[in-house]
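Trainee: Structure, please.
(one chain, ligands or ions: 1)
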Amino acid sequence: MALRDYPRRAAELIEQRPEVRESVTRAALHFDRNRARAYAEAPAEAWRTYAKGVKDHLLSRLADYLEAAEARLTENGVRVHWAEGPEDVHRVLGEIVRAHGVRRAVKAKSMLSEELGVNAFLEAQGVEVYETDLGEFIIQLAGEPPSHIVGPAIHKSLAEIRRLFAERLGTPPDASPEALAAAARAFLREKFLTAELGISGANFLVAETGTVVLVENEGNIRLSTSLPRVHVALVGIEKLLPRFEDLAVFLQLLARAATGQPIGTFVSLIDGPRREGETDGPEEVHVVLVDNGRTAALADLEASEVLRCIRCGACLNACPVYRQTGGHPFGFVYSGPIGEVLAPALLGPGEAYPLYHASTLCGACAEVCPVKIPIPKLLLTWRHRAAEEGLLLPMEKAMVRAYAEAVVRPRAYRLASKAMRAFPGALESERLPLVRAWTRLRSGLRPSPRPFHELWEEIKDEREG
Ligand code: SF4
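Mentor: Numbers count the residues shown, from 1 in each chain. The predicted structure follows:
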């Protein structure tokens with residue numbers, strides 16, 4: 001899906017499927033209210049500063065911590081693989097599938113696996129793949145990508161899910177949410193028991209101990225990582241934490257930012273395969289350390305702060321632009337504010353254009369981010385670079401040029417602003433193509449009755465007088 005078509009996809013969705021906007025807005029605001037309450041109940045500001053410091057430190061010595069993590073994981077009996085991109089991940093998975101005769105895989109929710117096209121690859125190898133997170137299960141049944149980092153089915157109404165489950169799982173058309181969840185649980189139970197392979201991501205990987213940390217509310221991750229004979233964890237290299245004690249803050253901060261819970265219902269700490277005398281757990285654990293553009297992003301000093309992200313989704317919930325459409329129109333695995341700055345960092349500004357323009361720069365994302373990523377600043381960096389690379393549309397270029405010409409000529413500027421105030425309706429006229437494009441989905445532009453320079457003179461006079 002070309003990211004360039006984001007504006008068209010967003011406009012079509014708003015016009016043709018208003019129910020999506022309603023579902024996304026309701027759920028995102030609910031998450032955001034819970035986050036605000038959970039932050040207020042804890043020393044959130046101090047934790048955010050601490051978390052930012054830990055991640056900055058980690059990123060400044062990432063190569064050392066990666067080597068330390070590899071050594072600890074290996075000591076723990078985990079097989080470690082390094083992957084530069086999707087091809088390497090597919091090669092590792094292909095080898096595991098062949099070595100173990102894998103016919104069925106169960107998956108925990110992993111945005112990285114979406115980024116790497118894992119499901120499509122495994123299915124092409126003849127492996128049945130089942131998403132086991134309820135939200136992921138719903139969108140897998142619907143044949144759709146996730147619409148939100150934490151709530152992948154956030155765009156779906158209860159009525160839509162009822163229809164989907166009735167068609168695919170035979171539930172009654174008026175089934176309650178509890179009955180729908182029970183139907184999904186019953187369907188997946190047999191898959192958990194018969195899958196040879198379990199795939200997960202990782203919320204954190206502790207370099208000091210080689211511990212893969214997974215946070216969830218449903219218990220499906222625990223089943224996916226302990227019932228099949230083989231567990232593969234896909235870990236982005238930025239997901240490391242230096243020390244085990246860092247988890248004390250990160251686990252609380254992640255849950256509070258994501259859903260407003262003090263901590264996730266289940267926290268799994270995976271230290272390796274089943275050991276002698278243990279009754280459950282996989283025989284083999286593999287950790288794939290994935291780069292896929294992250295090293296290049298780290299080397300870019302103006303953009304590398306994006307790598308602090310712990311994928312909590314709080315910036316999506318806070319974002320008034322994301323709430324209009326959900327994630328699908330973005331066309332990138334990660335949507336909303338984090339997607340707008342991660343896409344250019346991983347793909348380059350040309351490929352990611354114009355996602356970093358999908359923001360009002362209101363700053364709500366930066367205010368809620370648990371690791372203090374300055375998303376508006378990063379958005380401006382990418383916009384600046386796009387302009388330097390000549391990526392603006394011809395109309396945008398002409399407008400910026402005209403504005404630049406006007407502001408350096410005060411008389412021309414004042415004349416233009418006077419003309420606008422004399423004919424305020426002009427900026428709402430459907431006859432002007434640019435204005436028409438603006439007002440199709442928004443209220444019209446109305447110039448201020450008094451220009452700023454007049455107000456400024458008044459303020460100055462008052463101060464001086
Ligand atoms: S940028 Fe911050 S708020 Fe957004 S998902 Fe990442 S950690 Fe969460």
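Trainee: so Ile161 sits in a helix?
Mentor: Yes. Per DSSP: H, G, I helix; E, B strand; the rest coil, Ile161 lies within a helix segment.
Trainee: Provide a list of residues in contact with the residue minimising distance to the centre of the chain.
Mentor: The residue lying closest to the centre of the chain (Cα atoms, centre = their mean) is Tyr334, at 3.8 Å. The contact partners of Tyr334, by Cβ atoms under 8 Å, 6 or more residues apart in numbering, come to 111, 115, 149, 311, 342-343. Just so you know, the C-beta spots here come from the backbone N, C-alpha and C atoms, and that holds for glycine as well.
Trainee: What of Thr132?
Mentor: Counting by Cβ under 8 Å, 6+ apart, the residues that Thr132 touches are 106-108, 188, 191-192, 220-221, 223-224.
Trainee: what's the distance between whichever residue of the stretch 351-465 of the chain sits closest to the ligand and Phe266?
Mentor: Closest to the ligand within the stretch 351-465 of the chain is Cys369: 3.3 Å, counting by Cβ to the nearest ligand atom. Distance of Cys369 to Phe266, computed by Cβ to Cβ, to the nearest Å: 24 Å.
Trainee: Those two - which one has more neighbours?
Mentor: Neighbours per residue (other Cβ atoms under 10 Å) separate Cys369 from Phe266, with Cys369 holding more: 24 against 14.
Trainee: Looking at the nearest residue to Leu141 once chain neighbours are set aside now. What's its pLDDT?
Mentor: Nearest residue to Leu141, sequence neighbours excluded (Cβ to Cβ, 6 or more residues apart in numbering): Arg168, at 5.0 Å. As predicted, Arg168 sits at a pLDDT of 96.
Trainee: What's the local residue count around Arg168?
Mentor: Arg168 has 14 nearby residues by other Cβ under 10 Å.
Trainee: ok, it touching Gly143?
Mentor: No. Between Arg168 and Gly143 there is no contact, the gap being 10.5 Å when judged by Cβ atoms under 8 Å.
Trainee: sorry, back to before: any idea how far the ligand is from the residue nearest to the centre of the chain?
Mentor: Remark: distance between Tyr334 and the ligand (Cβ to the nearest ligand atom, to the nearest Å) = 8 Å.
Trainee: Would you mind listing what in the chain touches the ligand?
Mentor: 149, 257, 309-315, 338, 368-371, 373 (Cβ under 6 Å from any ligand atom).
Trainee: Any idea how far apart the tips of stretch 124-132 sit?
Mentor: Using Cα to Cα, to the nearest Å, the end-to-end distance of stretch 124-132 comes out at 20 Å.
Trainee: Over to stretch 385-401?
Mentor: By Cα to Cα, the extent of stretch 385-401 from end to end equals 17 Å.
Trainee: in it, what's buried?
Mentor: 385-386, 391-392 (16 or more other Cβ atoms under 10 Å).
Trainee: quick one, domains of this structure?
Mentor: 42-292, 303-388, 394-464 (automatic domain parsing).
Trainee: if you compare those, which one is most tucked away?
Mentor: domain 303-388 (a mean of 22; mean count of other Cβ atoms under 10 Å).
Trainee: now that domain: mean pLDDT?
Mentor: 97.
Trainee: Is His155 in contact with Thr25, as I believe?
Mentor: No. At 10.3 Å, His155 does not count as touching Thr25 under the criterion of Cβ under 8 Å.
Trainee: Pull out the CA atoms of stretch 277-293 and give them to me as CSV.
Mentor: Only the C-alpha atoms of stretch 277-293 are listed here, as CSV (Å, rounded to 0.1, in the frame of the first residue of the first chain):
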residue,chain,number,x,y,z
GLY,A,277,12.4,-31.5,36.1
GLU,A,278,10.1,-28.7,34.8
THR,A,279,6.7,-29.8,33.7
ASP,A,280,5.9,-27.3,31.0
GLY,A,281,7.6,-24.9,28.6
PRO,A,282,9.0,-25.3,25.1
GLU,A,283,11.9,-27.6,24.3
GLU,A,284,13.5,-24.9,22.2
VAL,A,285,13.5,-21.1,22.5
HIS,A,286,14.8,-18.9,19.7
VAL,A,287,15.3,-15.1,19.9
VAL,A,288,15.6,-13.3,16.6
LEU,A,289,17.2,-9.8,17.1
VAL,A,290,15.8,-7.7,14.3
ASP,A,291,17.3,-4.5,12.8
ASN,A,292,15.1,-3.7,9.8
GLY,A,293,16.3,-0.1,9.5
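Trainee: now that stretch, how far from the centre of its chain.
Mentor: Offset of stretch 277-293 from its chain centre (Cα atoms, centre = their mean, to the nearest Å): 24 Å.
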